[in-house]
Each structure stands twice: as structure tokens, then as C-alpha cells.
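>>> Mind looking at a prediction? Sequence and model below.
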Number of protein chains: 2
Amino acid sequence: MKKLINDPNLVVDDMLQGIAYAHPEYLRKLDNYDVLVRKDSPIKGKVALVSGGGSGHEPAHGGYVGKGMLDAAVAGAVFTSPTPDQVYEAAKAVDSGEGVLLIIKNYSGDIMNFEMAKEMAEMEGIKVDTVVVNDDVAVENSTYTAGRRGIAGTVLVHKIAGAKAETGASLEEVKNTAEKVIANVRSMGMALTSCIVPAAGKPNFTLAEDEMEIGMGIHGEPGTHKEKLITADKVATQLVDKILADMKLNSNEEVAVMINGLAATPHMELYIINKKVSELLNEKGIKVYKTFVGEYMTSLEMAGCSVTLLKLDQELKELLDAPADTPAFKVI
Amino acid sequence: MKKLINDPNLVVDDMLQGIAYAHPEYLRKLDNYDVLVRKDSPIKGKVALVSGGGSGHEPAHGGYVGKGMLDAAVAGAVFTSPTPDQVYEAAKAVDSGEGVLLIIKNYSGDIMNFEMAKEMAEMEGIKVDTVVVNDDVAVENSTYTAGRRGIAGTVLVHKIAGAKAETGASLEEVKNTAEKVIANVRSMGMALTSCIVPAAGKPNFTLAEDEMEIGMGIHGEPGTHKEKLITADKVATQLVDKILADMKLNSNEEVAVMINGLAATPHMELYIINKKVSELLNEKGIKVYKTFVGEYMTSLEMAGCSVTLLKLDQELKELLDAPADTPAFKVI
């Protein structure tokens, strides 16, 4: 295991402190909790957005704390849901009285713990609602998940629901907007290599030197199939075809595209994937409104990528284009 | 070799097309040249900034084309200087009549070809000047380089000289600002793994499973030494000590910090490095004005990082904070 760490048991503590040192203009860490909150929270008159999950997916979710996105991010142990008390503390710290929306990726542990946090917060008189992101079209009922997994599309939920909350919308309205994004976003990933959970010290799974896995989850959950290394164009085609089989897009409809690196994949390769994704959409007359290429939802040191398509209407376009200022996602 | 590519000989073509498809709101590709220019270039009344170098360091340099940074980025073959005619075409495309500053990383091939491009442009009546970035304190006279190598500090030269150019400053003034950044920026890197040039198909160098290299260049040039895996804190300490031995910083002086991932290193680990860098600077009374953590100057799929410190004064702080809007670097 080759990692730039001090102690496998301290990676989350050290990382959170490193984030807090790096970005004081955006956020602060709650004392005694693995929670990063907007520096100026609670924001008066604004519904608060809280997300989080297991660590190892950075910049998700701490990198999205700031204006126009999240009010708080809760960090669990690596690939492990945060506990209910941590989520509860996050909600309590950022609630301005307008209520809190918890944005949960669809993993059984997260759902259970975030729902329990919701109950705890409600007992304290905080209005809380939840949405569950399940954008991964690869497989149903995976390891840790009933239904579909939540992956990189979650970042677009943060962005768009965050923009809605900045308009002064009610909790119900912000939730409806988040649900609209969830209904229109689809993703699928693939991996060239595994990742290593620091405390485990060995790869989550193995792939031969000439092998890749299609449909892999962001914790190394099994995908749809393994196959011999194929070209970037063929990878892009498989991912886009599977997404479009699930979400019909007509000619002249508009999408946002996210090409997400799982961590070890160079930007060069992500752009090579984007070339083909753009061409495939163009051939079908689907219009690319905006493209994001980079590392948004990673899997420790896994090599691979995911493709996300979000079907847009006028409201979603405006909210996607609204200003955002966070460490890892900025819209000017 | 596990890469998401189509053909080792097409990686630069495919990537540039993928960048052009992704970011039409920022840039366009020049027909028949491996050059990305600002969409709205030439910008009337503004000195133009052109940088570039071998490919494989993305988002450098195409990701920095946009308002407040570069007017053009020239992409050579992987780890190979762009040819003079490509640099010349870039300068010609973006010159508004106010002149062009070429920002060169200090590698012998780049210097030769950018200087030749300068002569070609001057013969056409374009005012051109050059600066050479040599921020890497690790070694002198490395493979490909007389003197010190240019690495991640180059991105801060783009940022600050780019902001200066946006003020309507003259070519001489923009050059002076760039030189001031170069005089005050120092970097040093380290690697956990090698990278593989696609056309070569095999690692540039080898490191044992329990070994790292300190002071490694962004093409895998030899560093100061190899050693057994050490903790992130010890890595950070070595890099900061070497930088501060070269550039004295007094208590109460202010710096910008860049923790740069070489590509395969997770953001989690970069933030763990940042924790120690922040603490080391704090112990010495050096004030961190702003911190950048992410992938700014990569080395294909190499695992590792570099640390950059830029000593700031009032002028540099203001220019660092000035708005920038590019695909990979935004300041709001």
C-alpha cells in the first residue's frame, strides 16, 4: 500500500484538518465532530443543505461547502456512513429556522443513519427533509445498496438544489428541485484498477493487467461485467448507451455532461473520453449545454471514470448557471 | 499499460478535441494547430499571454486559457516541447497589437523552440518577450534542463501575470510582474510511482513497492534521493525545509501555498500533506494567505505531489485575488 498518510486510523482526522486549514474563507470544522460547515452558517432566511457519506470520495463532499451549494458536509470513516449524531450536529449547526434538506447517496447505511439524524433533529424542533440520489444505472441492488447506487450525479444535485436554496425558496421547494434533478440525472462508471481502504491495506478487488470492469461502484462494488481492455471510444460508447437506454433523450433535448475521474485517471484521459461522449450525443442530435471534466466524486486511488448526463429544462439550466463559490466547484 | 486512450499516437489530438468540445464558452482550437486560444481572442488593448509545453501535465496548460490567465496554450507531444511554428501560430492568433508574453517552463527544448517562435513572430512585426519559470528547488541541471526545472509554480505565474495583463498593463509591465512571481516562487515534488508515456508503453522509471523518490521532476527526472516510504508529515517536512532553505521567509511574511497532485494521488492525501505544511508554516510564524489544493500540473498517471510556496506582497496578493475564469482555475 503506497499512500501519503500518517496512520491509517487518522486519515479522516488529518484530512479534515487539512481542508479546514486550506479553506478558511469557505468553511470551518465543528469542534469534536467530523463536520465541515459554511463559515458564515447558519445563513439567515435560507434553507440549509447537508450532505456527506463515507470518506474517500474527495472533493465530495467537503469541497462543495460554500455559497450556492452545501451548508455542511459530514465525513464518515473511509467508505463508511457517518453516524446519526454527526449528521444531527451538522443539521443543528446550519439550520437558520428555515429547515434542512439532507442529500443522501443511496447506500443502506447512509439512509439508515441520515434518517435517524432526521428524527433526532425533528425532536429538537428542526424541520428536516431528505432526498436520495440513485443515479448509477449500472446495476440494481448492489453490495451495500437496495436499488441503485448514488454516485457523481450527486454533485449536480448539490449544485442545483443549492442554487435554489439561495433564492430563498422553502424547504419543500428546494426538495422538489432536488427531486427533479434526481429524476433527470443518470451516471455509469468503469474502473481500470482497484482502490485500497487504508485500514484494510489491500485492494478491494482485483483486475488483471489487461482487464477493466464496467459499471463498477465508487466503493469497488461489482459492475455489470469485466472485459479485456478496450479503447476509450468503446468505453464511452458503452457508458452512454447504457445511460440512454435508461433515460430517453430526444433530438434537440439539452444535457449537462460530467466526466468524472475516480482519482488516478489523468485529465488527459478524461478529455479523451469526453471527445467520444460529445460526438455520440451530437450524432443523436442531443445538445450539450455544459460540460464538467475533472475529479468530482472519487474512489480513493482507483483508476477509472464515470459519465453523468443530466437532462435539462429552462429552470435547471438557470440554476446550474447560478453563481457558486466552493473550494471544488465554482460558477462565475 | 492501462490507459483510457484510443491510440498512443492520437492522445494529444483526441484530448485537444475533447477539451474544445468541453469548454466552448472559454476557448477554441486553432485549425491545423495544437493550440487552444481564448474564444474571444485577440482581446483589444490587452497584452496576450501564451504558455505551453509537452502534453501530459493537464490541466496545464489548456485548462488555464480564459479571462485573467492565458490567451493561448500550445500542446506538444507527450513530454515533448511544442515546435516553434505551433508557438508562433499561437502568438499570431492572440496578439492584439499590444504584444505577447511567452511563459516558458525551464526545459532546454522548450526554451529553444519558444525562442525560435519569438524570432518568427518578431519578423512579422509582433512584439514578443519571454519569461522562464524555474521554481523547482530539488536539483540543478537535470535531464532536459540547464538550471532548475519549471513545475507547478508556473500556474501561479499564469494567474498573476494574467491578472496584470487584464489591467491594461504594457508588455514590459506584465513581464516585470511575471518575473517578480518567478523570483518569489519555489516548489518541490516527490513521487510514489512512475508514469508511462503512451507511445513508450513502459514506466519512465521504477520504484520498489516500499520506496518513494524525493525531488522527482514532472517527467520522472531524477530527484535528490530515493528512500523507504515515510509518513505524509515527514514528506511535507522534507519538501518545506528544502524550499525554505532556498527562499528565506521571515515571521509574519505571507505566502500562497499550492499542494499539487501529480495525477494519481487522491485529494484526501493532498489535504493530509496540507495539514502538515500549514502547521510547519504556522510554527515559523509564516502566514498562509491562500491555499490551493488539487491537480494543477500533473505527470500523466504518476502518484505523488509537489508543494509550492509563493512569497507575497500587496501587489501580488491583489493580483492573485483578481477574478479569473478558466476551465481549471477560477477566482471569484
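Sure thing, it's come through.
>>> Quick check: phi and psi on the residue in the stretch 51-200 of chain A that chain B sits nearest to?
Among all residues of the stretch 51-200 of chain A, residue A:58 sits closest to chain B, at 3.8 Å; criterion: CB to the nearest CB. Where you see a C-beta, it was placed from the backbone N, CA and C, and this is true even at glycine. When read as degrees, to the nearest 10, the backbone of residue A:58 gives phi -60, psi 140.
>>> Not counting its neighbours along the chain, what's nearest it?
In space, and not counting its chain neighbours, residue A:58 is closest to residue B:267: 3.8 Å by CB to CB, 6 or more residues apart in numbering or on different chains.
>>> now residue A:157
residue A:181 (4.8 Å).
>>> and the nearest residue to residue A:329 once chain neighbours are set aside, how many neighbours does it have?
Leaving out its chain neighbours, the residue that sits closest to residue A:329 by CB to CB, 6+ apart is residue A:64, at 5.6 Å. As a burial measure, residue A:64 scores 27 neighbours (other CB atoms under 10 Å in any protein chain shown).
>>> how near is the residue nearest to residue A:58 to residue A:33?
21 Å (CB to CB, to the nearest Å).
>>> Looking at those two, which is more packed in?
residue B:267 (28 against 21).
>>> residue boundaries of the helices in the stretch 1-150 of chain A?
Assigned helices in the stretch 1-150 of chain A, in chain order: A:11-22, A:84-94, A:108-123 (criterion: DSSP state H, counting those that start in this stretch).
>>> swap in the stretch 201-332 of chain A?
A:232-246, A:267-283, A:314-321.
>>> Of all the ones you listed, which one is nearest residue A:306?
Residue A:306 lies closest, by CB to CB, to one member of the helices of the stretch 201-332 of chain A: helix A:232-246, at 7.5 Å.
>>> Could you tell me the angle between the closest one and helix A:267-283?
50 degrees (axes from the mean of the first three to the mean of the last three CA atoms, to 10 degrees).
>>> Now do helix A:232-246 against helix B:11-22, angle only.
30 degrees.
>>> Would you mind listing the outside residues contacting helix A:232-246?
With CB atoms under 8 Å, 6 or more residues apart in numbering or on different chains as the test, helix A:232-246 has contacts from A:137-138, A:186-190, A:212, A:214-215, A:224, A:269, A:272-273, A:276-277, A:280-281, A:284, A:305-307, A:309, B:4-6, B:14.
>>> could you dump that helix to CSV, C-alpha only?
Extracted C-alpha coordinates of helix A:232-246, given in CSV (Å, rounded to 0.1, in the frame of the first residue of the first chain):
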residue,chain,number,x,y,z
ALA,A,232,-11.6,4.9,-24.7
ASP,A,233,-14.1,5.3,-27.6
LYS,A,234,-15.6,1.9,-26.8
VAL,A,235,-15.7,2.6,-23.1
ALA,A,236,-17.5,5.9,-23.7
THR,A,237,-20.0,4.2,-26.1
GLN,A,238,-20.8,1.5,-23.6
LEU,A,239,-21.5,4.0,-20.8
VAL,A,240,-23.5,6.4,-22.9
ASP,A,241,-25.6,3.6,-24.5
LYS,A,242,-26.5,2.2,-21.1
ILE,A,243,-27.5,5.6,-19.8
LEU,A,244,-29.6,6.4,-22.8
ALA,A,245,-31.3,3.0,-22.7
ASP,A,246,-32.4,4.1,-19.2
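>>> got the buried residues for it?
A:232-233, A:235-240, A:242-244 (16 or more other CB atoms under 10 Å in any protein chain shown).
>>> and which of those is nearest to chain B?
Out of the buried residues of helix A:232-246, the member with the shortest distance to chain B (by CB to the nearest CB) is residue A:232, at 4.5 Å.
>>> Show me which residues of the stretch 1-150 of chain A sit near chain B.
Residues of the stretch 1-150 of chain A lying close to chain B by CB under 8 Å from any CB of the partner chain are A:2-7, A:11, A:14-19, A:21-23, A:25, A:55-56, A:58-59, A:63.
>>> now do 10 Å
Counting by CB under 10 Å from any CB of the partner chain, the residues of the stretch 1-150 of chain A close to chain B are A:1-7, A:10-25, A:55-60, A:62-63, A:66-67, A:78.
>>> so how far is chain B from residue A:215?
15 Å (CB to the nearest CB, to the nearest Å).
>>> Now do the same contact list for that residue.
A:136-139, A:142, A:149, A:188-191, A:221-226, A:238-239, A:242, A:306 (CB atoms under 10 Å, 6 or more residues apart in numbering or on different chains).
>>> try residue A:66
A:23, A:25-27, A:36, A:38-40, A:162, A:324-330, B:332.
>>> Show me which of those are buried.
Applying 16+ other CB under 10 Å to the contacts of residue A:66, the neighbour count classes A:23, A:26-27, A:36, A:38, A:162, A:324-330 as buried.
>>> hmm, back to that, can I get the helices of the stretch 1-150 of chain A in JSON lines with mean pLDDT and mean neighbour count?
What follows is the helices of the stretch 1-150 of chain A, written out as JSON lines (pLDDT from 0 to 100; neighbours: other CB atoms under 10 Å in any protein chain shown):
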{"stretch": "helix A:11-22", "mean pLDDT": "98", "mean neighbour count": "24"}
{"stretch": "helix A:84-94", "mean pLDDT": "98", "mean neighbour count": "24"}
{"stretch": "helix A:108-123", "mean pLDDT": "98", "mean neighbour count": "19"}
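>>> Would you mind giving me the PyMOL syntax to select the buried ones in the contacts of helix A:232-246?
Remark: buried members of the contacts of helix A:232-246, expressed as a PyMOL selection using 16+ other CB under 10 Å:
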select buried, (chain A and resi 137+138+186+187+188+189+190+212+214+215+224+269+272+273+276+277+280+281+305+306+307+309) or (chain B and resi 4+5+6+14)
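>>> Which ones among the contacts of helix A:232-246 map onto strands?
A:186-190, A:212, A:214, A:305-307, A:309 (DSSP state E).
>>> quick one: which of these is nearest residue A:167?
Closest to residue A:167, out of all of the ones in strands among the contacts of helix A:232-246 and judged by CB to CB, is residue A:309, at 25.1 Å.
>>> how close does that closest one get to chain B?
For residue A:309 relative to chain B (CB to the nearest CB), the value is 14 Å.
>>> do the same with residue A:218
Applying CB to the nearest CB to residue A:218 and chain B gives a distance of 12 Å.
>>> Without its sequence neighbours, what residue ends up closest to that residue?
Closest to residue A:218 by CB to CB, 6+ apart is residue A:299, at 4.6 Å.
>>> how many other residues sit next to that neighbour?
Counted with other CB under 10 Å, residue A:299 comes out at 28.
>>> and it, what does it touch?
Counted by CB under 10 Å, 6+ apart, residue A:299 has contacts A:56-57, A:79, A:151, A:189, A:191, A:193-195, A:204, A:216-220, A:261-264, A:306, B:266.
>>> How about residue A:32?
Neighbours of residue A:32 in contact, by CB under 10 Å, 6+ apart: A:86, A:89.
>>> Look up how far residue A:331 lies from it.
On the measure of CB to CB, residue A:32 and residue A:331 end up 33 Å apart.
>>> got the angle between the host helix or strand of residue A:154 and strand A:185-191?
For residue A:154, the host element (DSSP states H and E) is helix A:153-166. Helix A:153-166 runs at 150 degrees relative to strand A:185-191, counting by the same axes, to 10 degrees.
>>> Give me the residue ranges of the stretch 101-250 of chain A where confidence is low.
Within the stretch 101-250 of chain A, no stretch falls below the threshold (pLDDT under 70).
>>> I'd assumed residue B:290 was in contact with residue A:327.
No: judged on CB atoms under 10 Å, residue A:327 makes no contact with residue B:290 at a distance of 11.5 Å.
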